[in-house]
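S.K.: coordinates only, sequence not included:
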């Protein structure tokens, strides 16, 4: 059994009074979230099978195994759900799961360490890598584009970046 897990969704709260939840999917094909079950809590102490019962604003209504009352569903509000990495589909060479990028070293084209990826954000206009490192007073948001990040080397645990002038201190 794989212990490496990836966050694939979150529970937004109860839906109705019979134990259904409002489920937000973080999957490329949102409805595929049910295919990756069982889904686990972050600490791995609970797991759920998932049956999507309908669509609602911002996600789905769904039944989770073991949840049969509104109170139980309400108690799960805000909980992130994780799938075993092995259950997820393989990605093309130029695509990455956010979980694979977090923690990678970011170096410039000359090999100088700029920092490490501490988060990946997608606000609709493309992914941004949040980088924190030595000499940075705060984190830097690095556009995750081919022009700015020409190389992602998961095996070596690093990203080679060519950041725009002035983004990182000299």
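M.R.: Thanks, I have it. None of these values were measured; they are calculated from a predicted model.

S.K.: drop to CA atoms for contacts and neighbour counts, all remaining ones
M.R.: Will do.

S.K.: domain parsing for the chain?
M.R.: What the record gives for the chain is the domain set 5-87, 98-161, from automatic domain parsing.

S.K.: Just name the most buried of these.
M.R.: Mean neighbour count (mean count of other Cα atoms under 10 Å) peaks for domain 5-87 among the domains of the chain, with a mean of 18.

S.K.: Check which helix or strand the residue lying closest to residue 122 once chain neighbours are set aside maps to.
M.R.: What sits nearest to residue 122 in space, not counting adjacent residues and going by Cα to Cα, 6 or more residues apart in numbering, is residue 128, at 6.3 Å. Assigned by DSSP states H and E, residue 128 belongs to strand 127-132.

S.K.: longest single helix anywhere in the chain?
M.R.: Looking across the chain with DSSP state H, the single longest helix is helix 70-75.

S.K.: contact partners of that one?
M.R.: 13, 14, 15, 16, 17, 18, 19, 20, 21, 67 (Cα atoms under 8 Å, 6 or more residues apart in numbering).

S.K.: go with 10 Å
M.R.: Here helix 70-75 makes contact (Cα atoms under 10 Å, 6 or more residues apart in numbering) with 11-22, 63-64, 66-67.

S.K.: Now do it, average pLDDT.
M.R.: For helix 70-75, mean pLDDT is 96.
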